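A.B. asks: Need a 3D model of the sequence below.
(chains A and B)
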2 protein chains.
Amino acid sequence: MIQPATQATPPADRLLVRYRIETDAAHVEARAAALALEQSVEMPAGAIADAAIRATVPGRVERIASLPGASKPGGRSGESNAFEVDISLATETIGNEPGQLLNMLFGNCSLQADVRLLDARLPASLLAALPGPAFGIAGLRAACGAAHRPLSCTALKPQGMSPAALAELAGRFARAGIDVIKDDHGIAQQSVAPFEDRVPAVQRAIDAANRATGGRSIYAPNLSGGPGRLVAQLRVARDAGVGALLACPMVLGAPVFAELLRAEAGVPLVAHPALAGTAIAPALLLGRLFRAFGADATIFPNHGGRFGYSRATCESIAAAAREPLGDLRPTMPVPAGGMRVDRIDEMLAIFGTDTMLLIGGNLLEAGDGLEARAAEFATRVREAGGGAGRIQP
Amino acid sequence: MIQPATQATPPADRLLVRYRIETDAAHVEARAAALALEQSVEMPAGAIADAAIRATVPGRVERIASLPGASKPGGRSGESNAFEVDISLATETIGNEPGQLLNMLFGNCSLQADVRLLDARLPASLLAALPGPAFGIAGLRAACGAAHRPLSCTALKPQGMSPAALAELAGRFARAGIDVIKDDHGIAQQSVAPFEDRVPAVQRAIDAANRATGGRSIYAPNLSGGPGRLVAQLRVARDAGVGALLACPMVLGAPVFAELLRAEAGVPLVAHPALAGTAIAPALLLGRLFRAFGADATIFPNHGGRFGYSRATCESIAAAAREPLGDLRPTMPVPAGGMRVDRIDEMLAIFGTDTMLLIGGNLLEAGDGLEARAAEFATRVREAGGGAGRIQP
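C.D. replies: Below is the predicted model of the structure:
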C-alpha cells in the first residue's frame, strides 16, 4: 500500500468513493489528487478564496493502494499499473438527490478512460434521504401471492408484435403459472403496439388466465419516454390494473426513476440495466444505487449467458441488493440474459430463495412446447421454496 | 474487408449503426449476428413465429470490416482483433423517442465490454420527429446580443458558495463582459445555496452589471433533479429572467431533456457531458444526439486539458454539432475542461467563429486579477469576430 494521503479514517459523514485508476506508480498520487478535485470543486484548491470551503468541500484522497499484479510504488515512470484510490466527498454536495449523487460519483470522470468507479459508502444521512424500495422482496412476493419462495419471470417478445399477439403470448405464460410476465425492454411506444392499446390487452389476457387457473400471475409493462409520457403511461397501467412496472433507470434518468416512478408507481418497480455501461461496478450501480433509487427488483445479466459478468460479479450484485443498508428494504435480484430452464437448479443453488429467475428466449424457442416448458419453469421455481426451507446460497 | 452479410446498400429508411467489436477473426461474424439480435428482438431469429416480424424487425449485419492494424479475416482463432460492424435496425422500433433511440443503439450492449458505439445514421423520418435545437447557434448569439462572432463563457464555482458569493462572482464576470456565465455543473440543489435563492441573486447581479456596462451577459443556471423539481426550477429561472439554462442530459435522462426541458426552457439549452462515459463516440453522443435532443450548445472536454480527447475527436464533435442534419438547427460547440486564456487564438483557429469558448478555473486562478483576465478573455473572443470575417477552421 502506498502511503495514504491522510492517516485518519475518513469521517463517517463523508461519502467515501473507491475508484480504479490506470496510471503508473510515479504519477498515481498526482492523478488521484486531480480526480478528487475533478469530482468536487473542479478547480485548483489553491484558487478557492473561501477558507471554510477549501477545508471541507474539495474531495480528499484518503487511500491509495496498488491492485494485485501491479508493480510496487516507486516503480519506474511509464510502467503500466492500476491503483485503487479512495476519495471522500462532502455529503452536503449531494443535496440528497439521486442524479447529483451519480454526478458527484462519476459525472466528469466518466469521460476519462483511465478511471472506473468500484464502490461507494453512502453515509447514513444520505441513505435516510433516498427513497429506497416501496415494496422490496416481501412486497414483490406478496403482489404475486407467493409464499416464501423464489419467483419466476419471463418476457413478452419480440418487439414488433401487435397488442393481440402480445396478449395471446401473455395468456399462455400466465396459464403456465409464471409469476411475473414483463415486457421486453425493447417494447416501448411503437406505432404497432402503443402502450395504451397493448397494456390493457395484455392485462385482460393475464386476468382471464388467472381466473381459469386460480393463479396470481402479474404483468410488468415497460415504461418509456419523458415525464409527460410517463405520467400518461402510469395512468393507463393503473387503470388496467397491472401488478408491477418495468423501467430502465439509466435510459429514463435516475432522478425520474427515483422521484416520479417511485412516488407514482403504486406497484413494485423492476429495474432493467440498459445503458448502464461497464465503467461502474455492477454491484454498486445495479445493486446498491438502483435499490437506493427505489427498485424493488433489479435485473442483471447472469454469468454463462450472453454477457460477460463473472459469477463473482453476479453474486456481488445480489449481495448489494439484499444486504443491510440503512433502513432500506431489500431488492429482489433477477439473474437473466440468456438463461435456460436447464440451469434452474444451478441458479437457485447460487442465488437462493430471495431471487427471481428470468428466462425469456429459452421458453419461446420451445415453439409448440412453449406452455409445457414455461410450466416446467414455473413449477420447479415454485417448488424450490416448498422443500426443506431456505435454499442456502 | 470481410464478406458482408448482405451485399445491398442498407435501405435509407433503416437506422444504420456502426459498432466496434473486439473479437478474433474466426468469431466476428457470429459475434456481429448476436449483437444484431441483442439490439433488437433479444431472441433467436428462428424462434420468431411471425414471418413478417422475422423479415423486418431483427437487426441486420450489413458490413464487417477489419480495423487498421487488426489481422486479416480468417486469422487464427484466439488472435485479438477489432472490427467495425454495421448493423441496420428497423426505424419503427424507435417510436421517435430519444430514450428508446439510445436504448436501441446501445442499451443492452453497453453492458458488454467488447462493444463500442462508433456512429449512427439517423433516417430522415426520425430526424424530422426529434426536436432539435429551439434556438441553435444564431439564437444563442442573439440571446447575448452578439454579432457574428465567437462567444465567451465561464463558470461559477466552486460548489459550496453561498448565493451572495455566487452573485458577487457573477457580477465580476459580467462587468468583464463574458457572454455566458454558467453554474458549475456540480452546483445543484445543495442546502448552502438552493436554486430558488441563488438563481435570482445571481441574475440580479448580472442585471446590475449589464446596466452599468451596457453589456448583455446572460446567466445559465444548472438544472437538477426529477421532473417535479425541474418544473419548479424552470419557474424560478423564468421569473428571474435567466438568458439560458444548463443541464446534463445523461444525468437527468435524455427523454427529460428532449421532452420537458426542450419544450419548457424558453431560452437556449446548454448541454453538459457529465456521465456520458467513454463507450459511445463523443461526436455521436455529444454532437449529433444531444443536438437532435434539443441542445443549443454542447460542452465537451477539449484536447490538451484535463481529459483525454484527441484534437481529431474534438473537431469531430464540432462538425457533428454544426453539419447539415435534416432540418435541425446547428448546435454551438463549446470546447472546455481546463482551457486557458493563453490558448484562445489556438482554439479559435481550430474551431472557428461558430464556437463558444469556456474558461473557468484559469480565470479564478488569477485571484485579484480575475476581472482583468476575464476582460482579456471576453475582449479577445469578441474581437476575433470583428476582423477579416470568418476565421477559417
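A.B. asks: Is it correct that residue A:20 is in contact with residue A:115?
C.D. replies: Yes - the criterion here is Cβ atoms under 8 Å, and residue A:20 meets it with residue A:115 at 7.2 Å. In this view, the C-beta of every residue, glycine as well, is placed from N, C-alpha and C.
A.B. asks: which of the two has more neighbours?
C.D. replies: Set residue A:20 next to residue A:115 and count neighbours by other Cβ atoms under 10 Å in any protein chain shown: residue A:115 wins out with 23 against 17.
A.B. asks: Just confirm yes or no for the helix or strand hosting residue A:64 near chain B.
C.D. replies: Here residue A:64 sits within strand A:60-66, counting by DSSP states H and E. No - figure legend: strand A:60-66 not in contact with chain B (Cβ under 8 Å from any Cβ of the partner chain); closest approach 13.8 Å.
A.B. asks: what is the rounded mean pLDDT of the next helix or strand after that strand?
C.D. replies: Per DSSP H and E, strand A:60-66 leads on to strand A:81-90 as the next helix or strand towards the C-terminus. For strand A:81-90, mean pLDDT rounds to 96.
A.B. asks: Sheet-wise, list the partners of strand A:81-90 with their directions.
C.D. replies: Taking DSSP bridges as the criterion, strand A:81-90 forms sheet pairs with strand A:14-23 (antiparallel), strand A:60-66 (antiparallel).
A.B. asks: can I get the CA coordinates of that strand in PDB?
C.D. replies: Presented in PDB, the C-alpha positions along strand A:81-90 are these (Å, rounded to 0.1, in the frame of the first residue of the first chain):
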ATOM      1  CA  ASN A  81      -0.300  -0.100 -13.400                       C
ATOM      2  CA  ALA A  82      -3.700   0.100 -11.800                       C
ATOM      3  CA  PHE A  83      -4.400   1.500  -8.400                       C
ATOM      4  CA  GLU A  84      -7.400   1.600  -6.000                       C
ATOM      5  CA  VAL A  85      -8.000   5.200  -4.900                       C
ATOM      6  CA  ASP A  86     -10.400   6.100  -2.100                       C
ATOM      7  CA  ILE A  87     -11.700   9.700  -2.200                       C
ATOM      8  CA  SER A  88     -14.100  11.200   0.300                       C
ATOM      9  CA  LEU A  89     -16.600  13.800  -0.800                       C
ATOM     10  CA  ALA A  90     -18.700  16.200   1.300                       C
END
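A.B. asks: And the contacts of that strand?
C.D. replies: A:2, A:10-11, A:14-25, A:28, A:31-32, A:35-36, A:39-40, A:56-57, A:59-67, A:70-71, A:75, A:104, A:118, B:160 (Cβ atoms under 8 Å, 6 or more residues apart in numbering or on different chains).
A.B. asks: which of those count as buried?
C.D. replies: Among the contacts of strand A:81-90, those buried by neighbour count (16 or more other Cβ atoms under 10 Å in any protein chain shown) are A:2, A:10, A:14-25, A:28, A:31-32, A:35-36, A:39-40, A:57, A:59-66, A:70, A:75, A:104, A:118, B:160.
A.B. asks: For whichever residue of chain A sits closest to chain B, list the residues it contacts.
C.D. replies: For chain A and chain B, the shortest gap (Cβ to the nearest Cβ) falls at residue A:253, measuring 2.0 Å. Taking Cβ under 8 Å, 6+ apart as the criterion, residue A:253 is in contact with A:99, B:226, B:251, B:252, B:253, B:254, B:255, B:256.
A.B. asks: For those residues, which two are the farthest from each other?
C.D. replies: Spanning the widest gap among those are B:226 and B:254, at 14.5 Å by Cβ to Cβ.
A.B. asks: more neighbours, the two?
C.D. replies: The neighbour comparison of residue B:226 against residue B:254 (other Cβ under 10 Å) goes to residue B:254, with 28 against 25.
A.B. asks: mind checking pLDDT for that one?
C.D. replies: Per the predicted model, pLDDT is 98 at residue B:254.
A.B. asks: Low-confidence stretches in chain A?
C.D. replies: By pLDDT under 70, the low-scoring segments of chain A are A:1-8, A:69-80, A:385-393.
A.B. asks: Now do the contacts for residue A:268.
C.D. replies: A:133, A:134, A:135, A:139, A:140, A:143, A:220, A:243, A:244, A:245, A:296, A:297.
A.B. asks: Am I right that the first one is in contact with residue A:331?
C.D. replies: Put plainly, it is residue A:133. Yes - at 5.5 Å, residue A:133 and residue A:331 qualify as touching, with contact defined as Cβ under 8 Å.
A.B. asks: So which of these two has more stuff around it?
C.D. replies: The residue with more neighbours, out of residue A:133 and residue A:331, is residue A:331; 35 against 28, by other Cβ under 10 Å.
A.B. asks: got the residue ranges for the helices in the stretch 201-350 of chain A?
C.D. replies: A:227-240, A:249-252, A:254-256, A:262-264, A:282, A:290-293, A:311-322, A:344-351 (DSSP state H, counting those that start in this stretch).
A.B. asks: Ok, the stretch 1-150 of chain A next?
C.D. replies: Taking DSSP H, counting those that start in this stretch to define them, one finds helices in the stretch 1-150 of chain A at A:28-38, A:51-56, A:98-106, A:124-129, A:136-143.
A.B. asks: which bits of the stretch 151-300 of chain A sit near chain B?
C.D. replies: A:155, A:157-161, A:165, A:184-186, A:188-192, A:224-229, A:248, A:251-256, A:258-260, A:273-279.
A.B. asks: mind running it again at 7 Å?
C.D. replies: Within the stretch 151-300 of chain A, the positions adjacent to chain B are A:157-161, A:165, A:184-186, A:188-192, A:224-229, A:248, A:251-253, A:255-256, A:258-260, A:273-279 by Cβ under 7 Å from any Cβ of the partner chain.
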